[in-house]
Structure formats: structure tokens, C-alpha cells
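1. compute the structure for the input listed below.
(one chain, ligands or ions: 1)
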Amino acid sequence: MSEMTATAPIPTPKVGFVSLGCPKALTDSELILTQLSAEGYQTSKTFEGADLVIVNTCGFIDEAIQESLDTIAEALNENGKVIVTGCLGAKTGEGGGNMVLEMHPSVLAVTGPHATQEVMDAVHTHLPKPHDPFLDLVPGGFGEAGLKLTPRHYAYLKISEGCNHRCTFCIIPSMRGDLVSRPIGDVLKEAQALFEGGVKELLVISQDTSAYGVDVKYRTGFWDGKPVKTRMLELVQTLGEMARAHGAWVRLHYVYPYPSVDDIIPLMAQGLVLPYLDVPFQHSHPDVLKRMKRPASGERNLERIQRWREMCPELVIRSTFIAGFPGETEEEFAHLLDFLREAQIDRAGCFAYSPVKGATANDLPGMLPEALREERRARFMAVAEEVSIARLHQRVGSSMQVLVDSAPAMGRRGGVGRSYGDAPEIDGVVRLLPPEKISKTLKVGEFTRARIVGVEGHDLVGMPV
Ligand code: SF4
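-> Next up is the predicted model:
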């Protein structure tokens, strides 16, 4: 009999983890959770029973900052031992010091975004690593497929950090620095592991997906023993082939309308990647785009979209916009509404301009009153909805592939899924009716075909077939 049976069991240290913010922050959370679990810590999404709490924060807009600060306060109240990471951790407070520490001096440690190692160091200091003889046998590690916070059948793949642009309304580059592309071999290895782990939809994210590899001059890396360039086209092509072999989807986010994107559209037409593009246009009027210092602002976006649609008529375009940017005239705003109609943007989100602290746009002349910014946002959304719903109605009568996200009772009472036109969490869904055929079942993470029979708000209604 081994000695181990005589020793009292060592309690497993437990780390509570709260993840706020955007999909990019979620990827950071996944890396930290993967590492915690690899080292033998138990993790949970609540504070209850936790020995220590990590809060991954967001610092992008004022509401997000407030939400993050409130969560930290709550964690301190309920648990007392708190480590803060993420965008808010990189922000300066009123007193010139670290904002989080100024507001909550009892926080144990603060790091900025993508600081897995620093977070782990802080955890080790305040909650020692459990002794685990199997430590090195636990799979998962930095940058490889590990614990996913998202449902197992879809996952985010972060291909780079930071951004080389300096849009005047954005403080991300000052928090995250310039573009750093991950080596293509690492990215593809992670994608492969995710597909092998059962992921059916891979969402490619970064601040500027079209700029992938610019920082390393499109260096040639290696994958599967073959040379492959660190560049969007090669990345998308290889991911598409990998996804096809696993019967999975690849969806592209944060792509700018550069001429090079034209080469991606044929891959969509061939069905290698989803004919879906998330292009954050922010505005249409050339003068506003110039004041915003937007990437690709000199491009003729309307013509580009029309060309994309000729190459791939199925293409669904999602975008975000800002209404009431400093100095925006009624004429410039009207240009934006016309663009929305002409470009037939399938899914559009809109923020009323919000003067984020530290953004250079705040110094531009012609700041509009808040009521006017909000009014323009509402007018924008009314047009966006009209366009979006008309486009959804064109789907009625067609048959679509749907990835099932929820299916109680094996789908006998119906379920919820998404078509290629719906990214998780930001777009609509396909509401699945109970199948007519008694033998037909639905399973989460599997595909079903559905006949589209109606539109409900921003969602489609489908009959599984
Ligand atoms: S492209 Fe512009 S908005 Fe996007 S992260 Fe870079 S600076 Fe910010």
C-alpha cells in the first residue's frame, strides 16, 4: 500500500474568475484559465468558496470601466483577495497612478491585458501552487487549445495583439501597443487543436485581421512541414482547408476594406470560409473618416462592397458605426444613412460618440451635444433595422445550414441555432421549430438544415428538415 493513502487529502486551491469585456479579453481569460487548470488549481465562475478571485476587466468605454470597478468592489467585499488584469489594469487614474489601485488599494496585484505570466506569478505569491505529481501530464499550455469559456462548439482564435492604427476615438493602441502578429505556425496549431477538440465554428479575431503579418513583413513560417506566409490570405486558406476536413466553420471578424481583402472573397464563394465579413466601417463620409483617421479611409467602400457581392452574392456584412462624431454635419450624417441603404449592411451596430478619456478626438472642434448624438444614433438604428429586416425576409423559403446552440429535450420542443449570417452573441439567431418528422432530433454543437419559414425581430424562424 502506498504512503499516499495515509495522508490527509490536500484541499485543491480554488480560483474564482470573472471575465468582462470583448471577445479579445475572453481569449486572455481562456489562456489564464488553461494555465491555472494545468497547474492544478480549481477554477469557477463565481466567488463562492474561492480562495482568491481574478477579475479580467474592460476599459474601453465609460460604462465598461464602471462595470469593471463595480465587479472589483464586489469581489473585494465578498472574497477580499483580488487580482485584476485586462485593459482597465493599464489605465491611469485621476491622481496619476494606476486607476485600479487608486480606487481599490487593497487589490493584491494589477496587470494590463495579455499578461498571463504576470497573473500567474501573482497567483503563485498569494495562493501557492498545489503539489501535484501529475502536474506535467496535464494537457494544455500557453496558446494551445485549453479550457474554453465559450461553449465547446465555438471558439475564438486570436491571431495578433495591438494595432498600428491611431483612430482618433480609440485608446486601444495606447493600452495594447502596436501590432504583434502571432507566428502563423502557433496560430494554425491552436486552430488544429480546437477542431480536434470538437470546435465546429472558429471565430478569427484581432484588432485588425486584414493587417495580420504586416509587423513581421509577412514572414514565412511553417505548418505541417510546409512553408506558409504570415499573411491573411494564407491564414484564411489554411484555416478553411482545416475546417473543411473537420466539417466546421471559419468566421472572420474585424476586417478592413483593403484591396487585399478582395482575394479572400473567392474563398468564401468556394465555401472554404463563411461568406460573412465583420467590417467596422464606423462612418461613410470621407471627411469624417479622415477626422477619425480610419484605416482604408481612402478606399471607395461602396464600390468595394458591390464588387464583393458580385463575386459572392451570399456575402453577409456586419459592421459598427459611430453617430455624432465631433464636427459631424447633418449632411455628413445623411451620407452615412444613404451608405447604409446602398451598401445593404446586413447587421449594423451603432454607438453615439462617447468622449473616451484619453482619445484625441475629444480635442477636435465641433463636439455635438449629447442629445443630438443620441438622436442620430436612434435615426441610424431605425434605418439599419429596416435594411436588416428586409434582408432577412429575402431568406424566407430558402434552406440553410444551422449550427445548433441550444436544444432542450433533444430538440423535440425546438431549439436555437445560427446560420452563417449570425455570429454568436452579436447577431441574431435562427429559432428552430419542433421538427415535423418524429425521428428528427437536434443536438447542441451539431449542424441541421432548416427551411426558413419566417422572420421574428432580428431572428429567422426555421423548420429543421
Ligand atoms: S483600428 Fe482603430 S479602432 Fe481599431 S483598434 Fe486600431 S486604433 Fe482602435
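2. buried set for stretch 89-105?
-> Across stretch 89-105, burial judged by 16 or more other CB atoms under 10 Å covers 89-91, 98-101, 104. For glycine as for every other residue, the C-beta is placed from the backbone atoms N, C-alpha and C.
3. what's the local residue count around the residue of the stretch 201-350 of the chain at minimum distance from the ligand?
-> Nearest residue of the stretch 201-350 of the chain to the ligand (CB to the nearest ligand atom) works out as residue 207 at 3.9 Å. Counted with other CB atoms under 10 Å, the neighbours of residue 207 add up to 20.
4. kindly report the same for residue 404.
-> Residue 404 has 24 nearby residues by other CB under 10 Å.
5. which SS class is it?
-> At residue 404 the chain is in strand, as set by DSSP: H, G, I helix; E, B strand; the rest coil.
6. find the nearest non-adjacent residue to it, please.
-> residue 417 (4.4 Å; CB to CB, 6 or more residues apart in numbering).
7. quick one: contacts for that neighbour?
-> Residues near residue 417 by CB atoms under 8 Å, 6 or more residues apart in numbering: 402-406, 429-430, 432, 442, 448, 450, 462.
8. same question for residue 97.
-> Going by CB under 8 Å, 6+ apart, residue 97 touches no other residue.
9. from residue 210, how far off is it?
-> Note on residue 97: its distance to residue 210, by CB to CB, to the nearest Å, is 37 Å.
10. if we can go back for a sec, which of the contacts of residue 417 lies closest to residue 384?
-> residue 429 (17.9 Å; CB to CB).
11. surely that closest one touches residue 403?
-> No. Using CB atoms under 8 Å, residue 429 is not in contact with residue 403, being 10.2 Å away.
12. which neighbours do the two have in common?
-> With CB under 8 Å, 6+ apart, residue 429 and residue 403 have common neighbours 417-418.
13. list the residues that contact residue 433.
-> Residue 433 neighbours (CB under 8 Å, 6+ apart): 414, 453, 461-464.
14. most widely separated two among these?
-> 414 and 453 (12.2 Å).
15. these two: which is more packed in?
-> residue 414 (19 against 13).
16. show me what contacts residue 202?
-> By CB under 8 Å, 6+ apart, the contact set of residue 202 is 154-157, 191, 194-195, 239, 243, 248-251.
17. closest one of those residues to residue 78?
-> residue 156 (28.6 Å).
18. burial count for residue 448?
-> Neighbourhood size, residue 448 [other CB under 10 Å]: 23.
19. now it: closest residue in space, sequence neighbours ignored.
-> Excluding the flanking residues, the one nearest residue 448 by CB to CB, 6+ apart is residue 464, at 4.8 Å.
20. ok, that neighbour to the ligand distance?
-> 39 Å (CB to the nearest ligand atom, to the nearest Å).
21. coming back round to it: against the ligand, how distant is the residue nearest to residue 404?
-> As judged by CB to the nearest ligand atom, residue 417 and the ligand stand 30 Å apart.
22. cool, and residue 19?
-> For residue 19 relative to the ligand (CB to the nearest ligand atom), the value is 20 Å.
23. what about the residue nearest to that residue when sequence neighbours are not counted, neighbour count?
-> Spatial nearest neighbour of residue 19, chain neighbours left out: residue 29 (4.0 Å); criterion: CB to CB, 6+ apart. If you count neighbours by other CB under 10 Å, residue 29 ends up with 23.
24. I figured residue 29 hits residue 56, correct?
-> Yes. Applying CB under 8 Å, one finds residue 29 in contact with residue 56, separated by 4.9 Å.
25. pLDDT at the residue nearest to residue 406 when sequence neighbours are not counted, what is it?
-> Leaving aside its chain neighbours, residue 406 sits nearest to residue 416 (4.4 Å; criterion: CB to CB, 6+ apart). The model reports residue 416 with a pLDDT of 96.
26. for residue 416, give the beta-bridge partners.
-> residue 406, residue 431 (DSSP bridges).
27. ok, now which ones touch it?
-> Contacts of residue 416 (CB under 8 Å, 6+ apart): 404-407, 429-432.
28. gap between it and residue 422?
-> For residue 416, the distance to residue 422 - CB to CB - is 10 Å.
29. between these two, what contacts are shared?
-> Joint contacts of residue 416 and residue 422 (CB under 8 Å, 6+ apart) are 429-430.
30. now whichever strand or helix holds residue 74 - C-alpha only, PDB.
-> Using DSSP states H and E, residue 74 maps to helix 62-78. Only the C-alpha atoms of helix 62-78 are listed here, as PDB (Å, rounded to 0.1, in the frame of the first residue of the first chain):
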ATOM      1  CA  ASP A  62     -17.100  54.600 -19.600                       C
ATOM      2  CA  GLU A  63     -19.800  52.100 -18.800                       C
ATOM      3  CA  ALA A  64     -17.300  49.200 -19.200                       C
ATOM      4  CA  ILE A  65     -14.900  50.900 -16.800                       C
ATOM      5  CA  GLN A  66     -17.700  51.400 -14.300                       C
ATOM      6  CA  GLU A  67     -18.800  47.700 -14.600                       C
ATOM      7  CA  SER A  68     -15.200  46.600 -14.100                       C
ATOM      8  CA  LEU A  69     -14.700  48.800 -11.000                       C
ATOM      9  CA  ASP A  70     -18.000  47.600  -9.500                       C
ATOM     10  CA  THR A  71     -17.100  44.000 -10.100                       C
ATOM     11  CA  ILE A  72     -13.700  44.600  -8.300                       C
ATOM     12  CA  ALA A  73     -15.500  46.200  -5.400                       C
ATOM     13  CA  GLU A  74     -17.900  43.300  -5.200                       C
ATOM     14  CA  ALA A  75     -15.100  40.700  -5.300                       C
ATOM     15  CA  LEU A  76     -13.300  42.600  -2.600                       C
ATOM     16  CA  ASN A  77     -16.400  42.600  -0.400                       C
ATOM     17  CA  GLU A  78     -17.300  39.000  -0.900                       C
END
